[in-house]
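S.K.: no FASTA, just this:
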């Protein structure tokens, strides 16, 4: 189920990219902070309202632990997505892809420190396979690596994503209702990022640009349903059933799905929204890098239960 969540997140790559291009064409002169924060904040605000419509008594039934877990996840996820989106403007996609998946290393390192117990050989192998796969997939060049604003923001975002995985894994939240907790999380994401897009808007009416054109509005709704409601409900419900290290490795399948979807979706979405967006091309890097990440996911999913948490 977590693997399926990464497929939903993979859709956000071409979906958000074409949305950002369409919004920039419809409302020129705004900063990248405005569009990134607006799209993320609006996505999760609408997602939270839809969940409330399905479960109208959720707020009244919300327990203190569900509020704490949801708000924490919302802060970590919202800030992580914001820094990641802005960092992409200042460095190469390969650097962002490599550094973002560094959470697959940070999570087990934290678990080693927390549990005072080394990881299993299988876990170490899977982490190595994931790092190699992401490096190949992004055609990462160590010689051209530099540490500038883009790299720093991506690392900051990765730190927030790591905290998100570990906060969801916290044993004190066992037994929380994932649906009610997700409503609190979605609201927190929307509220945390609202000051960012408001500060960078020329007028509060700028937010209406999302639904000013029917095609942009329809694309926005599809990203919200698949990448916000679908992906995060899967993550919030099913991640507590596995250890945090395994979850971090599974989530590294996201760039594989994102790259595969980018092979054909841009040619469909670009003309529909009236922007130029070319398909990615299939390469040996996709085959080898994606194969390594997929193999690591299969290997970690076959790990015996006695090794879980190791």
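M.R.: Nice, I can see it. Since this is a predicted model, take the numbers as computed values, not measurements.
S.K.: any weak-confidence spans in the stretch 201-310 of the chain?
M.R.: Within the stretch 201-310 of the chain, the segments meeting pLDDT under 70 span 286, 301, 303-310.
S.K.: okay, the closest residue in space to residue 81 that isn't next to it in sequence: pLDDT?
M.R.: The shortest distance from residue 81 to any non-neighbouring residue, by CB to CB, 6 or more residues apart in numbering, is to residue 40 (5.3 Å). (C-beta placed from N, C-alpha, C; glycine too.) Note for residue 40: predicted pLDDT of 92.
S.K.: wait, what's in contact with residue 40?
M.R.: For residue 40, the contact set (CB atoms under 8 Å, 6 or more residues apart in numbering) comprises 78, 81-82, 85, 189, 193.
S.K.: dump these to TSV, plus distance to residue 218.
M.R.: Putting those into TSV (distance: CB to CB, whole Å) gives the following:
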residue	distance to residue 218
78	24
81	22
82	24
85	22
189	22
193	22
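S.K.: what's the pLDDT at residue 26?
M.R.: At residue 26, the model reports a pLDDT of 88.
S.K.: need phi/psi at it.
M.R.: Per-residue torsions, residue 26: phi -80, psi -30 (degrees, to the nearest 10).
S.K.: for residue 275, same thing?
M.R.: Residue torsions, per degrees, to the nearest 10, at residue 275 are phi -130, psi 160.
S.K.: leaving out sequence neighbours, find the closest residue to it.
M.R.: residue 21 (4.3 Å).
S.K.: which element is that neighbour on?
M.R.: Assessed by DSSP states H and E, residue 21 sits inside helix 2-26.
S.K.: centre of the chain to the following helix or strand past that helix, how far?
M.R.: As assigned by DSSP H and E, the chain's next helix or strand after helix 2-26 is helix 32-54. For helix 32-54, the separation from the chain centroid amounts to 14 Å (computed by CA atoms, centre = their mean, to the nearest Å).
S.K.: next, the buried residues of helix 32-54.
M.R.: Within helix 32-54, the residues that qualify as buried are 33-48, 50-51, counting by 16 or more other CB atoms under 10 Å.
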